[in-house]
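Peer 1: Okay, structure incoming, though there's no sequence with it:
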């Protein structure tokens, strides 16, 4: 999810993060993780993500990230 923030050039901290485990993650194989911006409301950026193997999801996540101005850090 943080890679998604970097792609849009945003610096943000995690406000909330919820992960739902749907099945055991397979071991010893390549897995896919995909994240997308689900919405923006002012400084709040909502990102959803899914982990899968061969099209079968094993985890879903949703996070709310609060955008910050790097010059204030």
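Peer 2: Arrived safely, thanks for sending. Every value quoted in this text rests on a predicted model; they were computed, and no experiment measured them.

Peer 1: And the strands in the chain, which stretches?
Peer 2: Assigned by DSSP state E, the strands in the chain fall at 12-21, 32-41, 44-53, 56-67.

Peer 1: any idea which of the ones you listed is most buried?
Peer 2: strand 44-53 (a mean of 18; mean count of other Cβ atoms under 10 Å). Yep, even glycine has a C-beta here, placed from its N, CA and C like the rest.

Peer 1: now what about that one, what contacts it?
Peer 2: Around strand 44-53, the neighbours that count as contacts under Cβ atoms under 8 Å, 6 or more residues apart in numbering are 1, 4-5, 10, 12, 15, 25-26, 29-40, 57-67.

Peer 1: Tell me which strands that strand pairs with, and in which orientation.
Peer 2: Next to strand 44-53 in the sheet, as set by DSSP bridges, lie strand 32-41 (antiparallel), strand 56-67 (antiparallel).

Peer 1: neighbouring contacts of the shortest one?
Peer 2: Okay, so that is strand 32-41. 1, 3-4, 8, 45-53, 62.

Peer 1: Much appreciated, bye for now.
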